[in-house]
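1. here's my sequence, what's the structure:
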Amino acid sequence: MAERVQQPPAKRLCCRPGYNPACRQGQRAGGVPCGGAGSAPGGSGNGKTHNPESLLDIAARRVAEKWPFQRVEERFERIPEPVQRRIVYWSFPRSEKEICMYSSFNAGGEESGSSGDNNDETQLPFLRGVTLLEGGWVDNVLQVGFHLSGTVTDPATPSSPELICSVSVSFDRCKITAVTCTCGNKDIFYCAHVVALSLYRVRKPEQVKLHLPISETLFQMSRDQLQKFVQYLISVHHTEVLPTAQKLADEILSQNSEINQVHGAPDPTAGASVDDENCWHLDEEQVQEQVKLFLSQGGYHGSGKQLNLLFSKVREMLKMRDSNGARMLTLITEQFMADPRLALWRQQGTTMTDKYRQLWDELGALWMCIVLNPHCKPEQKSSWLRQLRRWNSVDVCPWEDGNHVNELPNLTHSLPQELLHKGHTSITNMEGWVGHPLDPIGTLFSTLTESGRAGEEGSNTCLDLSGTEDRADLQRMPVQRLLGDGESYMALAVETALIGLGQQRVMPDGLYAQEKVCRNEEQLLAKLQEVELDDSLVKIFRKQAVFLLEAGPYSGLGEIVHRESVPMHTFARYLFTSLLPHDAELAYKIALRAMRLPVLESTASSGDLSRPHHIVSVVPNRYPRWFTLSHIESQQCELASTMLTAAKGDSRRLETVLESIQKNIHSSSHIFKLAQDAFKIATLMDSLPDITLLKVSLELGLQVMRITLSTLNWRRREMVRWLVTCATEVGVYALDSIMQSWFTLFTPTEATSIVATTVMSNSTIVRLHLDCHQQENLASSARTLALQCAMKDPQNCALSALTLCEKDHIAFETAYQIVLDAATTGMSYTQLFTIARYMEHRGYPMRAYKLATLAMAHLNLSYNQDTHPAINDVLWACALSHSLGKNELAAVIPLVVKSVKCATVLSDILRRCTLTTPGMVSALHSRRNSGKLMSLDKAPLRQLLDATIGAYINTTHSRLTHISPRHYSEFIEFLGKARETFMMAHDGHIQFTQFIDNLKQIYKGKKKLMMLVRERFG
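-> Numbering: from 1, shown residues only. This next block holds a predicted model:
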């Protein structure tokens, strides 16, 4: 709290027009302890005796609570001193609850201080004040009329010296109305020193010396006494008060001064005037500064949390019917309206952040609580409404995101009458109660539950019906007696929540509004889950569930719902789990009805109207923007998973749930999750597998395969592997079934590389405990699948088919023939080379050679592709041909010459062919070896040599066309390699010399390069 050292001016002027000097002798100028003669019951106030309370105390306490002291003075010409003392005594607050509320963010001391940086609860002002009080650090406590003062010492710590603070507190009608402290602390709430002094007066009233207001004491003094009093006061405080004293003296001595025109004089200890508002001290300036600071931080440093704590403080004040609640909220709202970001966002056309919008929502909800408060006066309501309209008229005032008053189309005009519930008509212009900006259902639920808890705390709990004088007979009536037979506040709260959650409501526009619908629903369900269901509440659940199923257009769980109504998945899951132990049939009816998602459904034919879960779309051609659709679909999935878990062991239920999933869920990812959930539940380690649930899991997996077969899904490979695992658990017939119908479930590549390969693995055979006959049947199905896939997609499946068919000669030959048939048209050189290498590895070199030559026919390597990935395949193919013999090499070299134009690759092949004789490995294949190296002057190497030389010449000219100086040295090295190849011919020296001379002539303009050529090659 911003405790100002200067005491505020007195609120009213005090005098005694009917004062009788004769009475002075019977009145005491001195003070007595607050708990002195005529004090509270028990005399000393220590609680050890229990004497009846006196009529004086009873009357004084009531007067002190309700009447300003000026009214008492005006009502009675002379008030006896004992009566004054008791009124003054009882005027100080007697409860610590309000003091705690004004000295911490939370009345229970659960939150951190306003700084938000220190989470140590002992640092809260209230708890620190209690510590100071209990440590005996409060001293010199004095009560003069309605003013309390004292000194509070902050003990020394290793980091700070001892601090003695002078504290004063003004009070009126059991409320602290002003505080000052010399500690200099600036905060919204009271400092620890104010708390310590106030609690001292509350807990130890008998130790506080009490005096009547100072004006009463002055009235008892003679002229000499008054002069002595003034002179002593000036003498003690002459440096502070002497200028003021002289000024006042001058004004009093002047007959025409303003001070002489006023009857009486101000007294800061005399209590409040009739016109003063009776409220607890709230430092408005600090409230504004703190809110402004939090808003300026833009959500950083926990500012959002601090603002929410301020909102909680407003709620706490409203709960205690403290008028400062509305006052504090007004100050907060003004700072929100003055936030410069509002104008910036409006200018830029951007929306405010979600966290900031949530703060505005809370602001609106609190104003709703204030305006709808039945205890406030009509003039207060009118004043607040004018203020709200004024704020609303400001341009920067943010609009509510989303239309919360959309009309729900009248379904009676759109649907056959026989489908509408008899006795009910369509409700139009419906506002969604859940997700509404003012949260009516949540507010009503909280109000009823709090009332219910209050009623349970004791039979003395009564409704406060003050202000309704004509109903005085109800003021002391226990709360339960105001309800009907068998009813309770908790039952009403639960029923209210169920009604609100089950209401059919149109999805609002805008991302934030839609997220708010989901968030509000989840918050309300979280509150419901805290309620322990007894028999009476279960009856309410049953009653509401039946009503929601039969309520027609009102209900979101009715047989007919609008296409854009908010889905009931989350609510239905809660109803399902709550009703399942008590009425399983009703629980499943609710959950199955709620599984639908109309916004994703297309218009159904009129012939389908007899179906129990039929959905009619009133606006079939409109596709609204449902920003929260992914969340809604996940909740739909959770509902289905909950039903699957509950239905384990019940084949009829499982079949019904499976049908609902297949009909209503359209997301492959969510269906896959349900399949996995069902599989996990069915194969729990502590029980035997549930074969029915396994079959449900498999059916869902098969549906996923069909949905994703023609669409891209990054989890597809995972889905296929999982399906094979699931089918394996179901049994060998399931594996055989998915292989028989593979073309409706898998791509050819998936079928061969994952499905068939996994089925034929040893782990599958061991897992299924297959005998030889079963193994052969399964392998036969796998080979058939592999051949079918190879026929359909030879490029990607041929190699897998060959691998799968290795142990069956006929199948292997068939697969090989498929490869040959596809080689000329449908397969790339990469695929053919891969299969060729596989054939060589498996001991079929001639087949490998055949496939390699077919691959070469598809290949084309240009002069500059000296790092092409196919080079290794070409070298391997030539090596294979060379190893098989001269005839094979002679056959492959024309293909190489035709396909490869890269000089370095051709020279590499040429050198390899000249190092060894053809057929060096032919002995392995029972072929004769000639034992002689092949001549470069004869075919086929002569053809290869000429092609290599030609490639170097062409490459040289190509490189010289766009050569830059930084590539000169690299080019000279290239010519060096070319010379090595030229020299392999018998006239190679002459050819190379002519080649160099031609270069010098053609490219003589490149003088530097040609100079380097002459230096190297002459």
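
2. which residue ranges make up each domain of the chain?
-> Split into domains by the TED database, the chain comes to 55-91, 96-106+123-212, 284-393, 486-599, 869-916+934-1017.

3. any chance of those domains in JSON lines, with mean neighbour count and mean pLDDT too?
-> All C-beta atoms are positioned from the backbone trio N, CA, C, and that covers glycine. Listed next are those as JSON lines, based on neighbours: other CB atoms under 10 Å; pLDDT from 0 to 100:
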{"stretch": "domain 55-91", "mean neighbour count": "17", "mean pLDDT": "84"}
{"stretch": "domain 96-106+123-212", "mean neighbour count": "20", "mean pLDDT": "88"}
{"stretch": "domain 284-393", "mean neighbour count": "16", "mean pLDDT": "86"}
{"stretch": "domain 486-599", "mean neighbour count": "20", "mean pLDDT": "93"}
{"stretch": "domain 869-916+934-1017", "mean neighbour count": "17", "mean pLDDT": "90"}
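
4. tabulate the ones you listed (TSV), appending distance to Glu813.
-> Below are these laid out as TSV (distance: least, CB to CB, whole Å):
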stretch	distance to Glu813
domain 55-91	107
domain 96-106+123-212	84
domain 284-393	67
domain 486-599	53
domain 869-916+934-1017	21
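
5. those domains: which one's closest to Glu633?
-> domain 486-599 (7.2 Å; CB to CB).

6. how far does the closest one sit from its chain's centre?
-> Using CA atoms, centre = their mean, to the nearest Å, the mean C-alpha position of domain 486-599 is found 23 Å from that of the whole chain.

7. closest one to Ser741 among the domains of the chain?
-> domain 486-599 (27.6 Å).

8. ok, how many other residues are close to Glu776?
-> 12 (other CB atoms under 10 Å).

9. going forward can the numbers begin at 111, since that is how I track them
-> In the new count, where the first residue is 111, that last one comes out as Glu886.

10. helices and strands around the stretch of helix or strand it belongs to, which ones?
-> Counting by DSSP states H and E, the element that carries Glu886 is helix 882-902. Helix 882-902 is packed against helix 842-850, helix 858-860, helix 867-869, helix 904-914, helix 919-933, with contacts defined by 3 or more CB pairs under 8 Å, 6 or more residues apart in numbering; DSSP states H and E.

11. may I see the buried residues of that helix?
-> Buried residues in helix 882-902, counted by 16 or more other CB atoms under 10 Å: 888-889, 891-901.

12. tell me how far that helix lies from the chain's centre.
-> For helix 882-902, the distance to the chain centre is 50 Å (CA atoms, centre = their mean).

13. and what of stretch 1119-1128?
-> 74 Å.

14. do the same with stretch 1001-1016
-> That offset, for stretch 1001-1016, works out to 64 Å (CA atoms, centre = their mean).

15. please save the CA atoms from it in CSV.
-> C-alpha atoms of stretch 1001-1016 as CSV (Å, rounded to 0.1, in the frame of the first residue of the first chain):
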residue,chain,number,x,y,z
ALA,A,1001,29.6,-58.1,-77.1
VAL,A,1002,29.6,-55.5,-74.2
ILE,A,1003,32.2,-53.1,-75.6
PRO,A,1004,29.9,-51.7,-78.4
LEU,A,1005,27.3,-51.1,-75.7
VAL,A,1006,29.8,-49.2,-73.6
VAL,A,1007,31.0,-47.1,-76.6
LYS,A,1008,27.5,-46.2,-77.4
SER,A,1009,26.4,-45.4,-73.8
VAL,A,1010,29.5,-43.8,-72.3
LYS,A,1011,31.0,-40.5,-73.7
CYS,A,1012,33.1,-39.7,-70.6
ALA,A,1013,36.8,-40.0,-71.6
THR,A,1014,38.1,-40.8,-68.1
VAL,A,1015,35.7,-43.7,-67.7
LEU,A,1016,36.5,-45.1,-71.1
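
16. kind regards, and thank you for your time.
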